[in-house]
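Visitor: turn this into a model:
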Amino acid sequence: MTRVSLASMARHASQLPKLIIAHDESLSRDELLSYFDDWPGLIECYSQIETQSLMNEVGKPFLADFCNKHIFGFKLAACLRASLESRTLYSDADVLWLGDSCGLMSA
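Guide: Model prediction:
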């Protein structure tokens with residue numbers, strides 16, 4: 001489903017976003033990059049351990065603990081980590097894009 005979702009986004013987006021993959025390390029970073037090697041835009045991978053460490057570094061120890069203990073904590077911490085650098089739009093892998101995702105970010 002992930003490939004279908006990304007293909008629909010690439011087809012409809014006026015500008016490709018950087019794809020950020022938050023992974024639980026059941027696959028290595030190289031395996032993930034290999035799986036997504038057909039994505040025409042930039043890709044960045046966030047591991048759970050790296051994200052937890054960063055939350056501690058920026059003074060968010062409760063979020064770091066939540067990131068470590070629960071998948072929803074990891075998803076939240078990954079979104080906040082991404083938003084430190086730029087605007088972030090979270091999407092699970094089962095979304096079909098029927099319009100320009102960039103329009104959601106221009107509000």
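Visitor: which residue, neighbours along the chain excluded, lies closest to Lys75?
Guide: In this structure, Lys75 finds its nearest non-sequential neighbour in Ala22, 6.6 Å apart by Cβ to Cβ, 6 or more residues apart in numbering. In this view, the C-beta of every residue, glycine as well, is placed from N, C-alpha and C.
Visitor: what about the one you found, which SS state?
Guide: Following DSSP: H, G, I helix; E, B strand; the rest coil, we place Ala22 in the strand state.
Visitor: Leu76 is in contact with that one, correct?
Guide: No. Counting by Cβ atoms under 8 Å, Ala22 stays clear of Leu76, with 10.1 Å between them.
Visitor: which residues touch the residue nearest the centre of the chain?
Guide: By Cα atoms, centre = their mean, the mean C-alpha position of the chain lies nearest to Ile20, the distance being 3.4 Å. Taking Cβ atoms under 8 Å, 6 or more residues apart in numbering, we find Ile20 in contact with Ile43, Glu44, Cys45, Tyr46, Ala78, Ala82, Thr88.
Visitor: distance of Arg81 relative to Pro61?
Guide: Separation of Arg81 from Pro61 (Cβ to Cβ, to the nearest Å): 15 Å.
Visitor: pLDDT check: weakest of the contacts of Ile20?
Guide: Here the lowest pLDDT out of those sits on Thr88, with 85.
Visitor: mind listing what the closest residue to that residue other than its chain neighbours touches?
Guide: Of all residues not flanking Thr88 in the chain, Ala82 sits nearest, at 4.3 Å (Cβ to Cβ, 6+ apart). Contact analysis of Ala82 by Cβ under 8 Å, 6+ apart lists Ile20, Tyr46, Thr88.
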